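1. Sequence and predicted model, in that order:
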Amino acid sequence: MTATVTLHPGPGAGFEEPFEMLEACHQRVHRMLGLLQRLAAHLRESGADANAQQAARDVMRYFDLAAPAHHEDEERHVLPRLRQGDQAVLADRLHDEHARMATTWAAVRADLVRVAEGGWQATDLDAAAARWQAMAALYAAHIEAEESAAYPAVRKSADAAALHAMGDEMARRRGLPGLA
């Protein structure tokens, strides 16, 4: 039930390759959403035991720290380039989904706080599981749109200098050294 959450890129996905970094983050999002779904099943079978509490903390840590930085990366570097091209509708959709994700996350986070702090009630599960599934569906559709349409469009329009500047800004905003 527990998961180790890596909040930095793994080998091969660094700020030198900002889109690979964003896609690696999407893989971690999918893993965390999978953990969230397993948590729902675990709560149904075993309640809010120590494993459930740790899983809740793991999901919160990821979505509290990495997800907001990822969304800001896209708001700063992907959506403006989409709007400069002929993809303003897609940019607006992704922006609106970021706002919906934040609202959805606030409700899911409240559920997870109850699990992590031992205040979980079995009667909470059906409503919480529905919220968790809605969050997973929202993220899945959002990631698909980014990886199939948004990222390819921006990659095509960005030269090496723009990609370098993007990766440099992403690293610096996270308190890491910029790119050489």
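-> Happy to help now that I have it.

2. Can you pull out the low-pLDDT segments for the chain?
-> For the chain, the stretches with pLDDT under 70 are 1-12.

3. where do the helices sit along it?
-> Secondary structure of the chain (DSSP state H): helices located at 18-46, 50-73, 79-84, 88-116, 125-145, 151-157, 160-173.

4. Could you check the angle the first one makes with helix 88-116?
-> Spelled out, that is helix 18-46. Here helix 18-46 runs at an angle of 40 degrees relative to helix 88-116 (axes from the mean of the first three to the mean of the last three C-alpha atoms, to 10 degrees).

5. which helices and strands sit right next to helix 18-46?
-> helix 50-73, helix 88-116, helix 125-145, helix 151-157, helix 160-173 (3 or more C-beta pairs under 8 Å, 6 or more residues apart in numbering; DSSP states H and E). Where C-beta positions appear, they are placed from N, C-alpha and C, glycine not excepted.

6. in the third one, what counts as buried?
-> Translated: helix 125-145. Leu125, Ala128, Ala129, Arg131, Trp132, Met135, Ala136, Leu138, Tyr139, His142, Ile143 (16 or more other C-beta atoms under 10 Å).

7. For the residue nearest the centre of the chain, give me its contacts.
-> Centroid-nearest residue in the chain, with C-alpha atoms, centre = their mean: Ala67, separated by 3.9 Å. Applying C-beta atoms under 8 Å, 6 or more residues apart in numbering to Ala67 gives the contacts Val29, Met101, Trp105.

8. Out of these, which comes closest to Gln87?
-> Set against Gln87, the nearest of the contacts of Ala67 by C-beta to C-beta is Met101 (19.6 Å).

9. so how far is Ala107 from that closest one?
-> According to C-beta to C-beta, to the nearest Å, Met101 stands 11 Å off from Ala107.

10. neighbour count winner among the two?
-> Met101 (19 against 14; other C-beta atoms under 10 Å).

11. In this structure that one contacts Ala137, no?
-> No: applying C-beta atoms under 8 Å, one finds Met101 not in contact with Ala137, separated by 11.3 Å.

12. How about the contacts made by Gln87?
-> Counting by C-beta under 8 Å, 6+ apart, Gln87 touches Ala149, Ala150, Ala153.

13. Quick check on it: phi, psi?
-> Per-residue torsions, Gln87: phi -120, psi 30 (degrees, to the nearest 10).

14. about what we covered before: what's the closest of the helices and strands packed on helix 18-46 to Cys25?
-> Smallest distance to Cys25 across the helices and strands packed on helix 18-46 (C-beta to C-beta): 4.8 Å, for helix 50-73.
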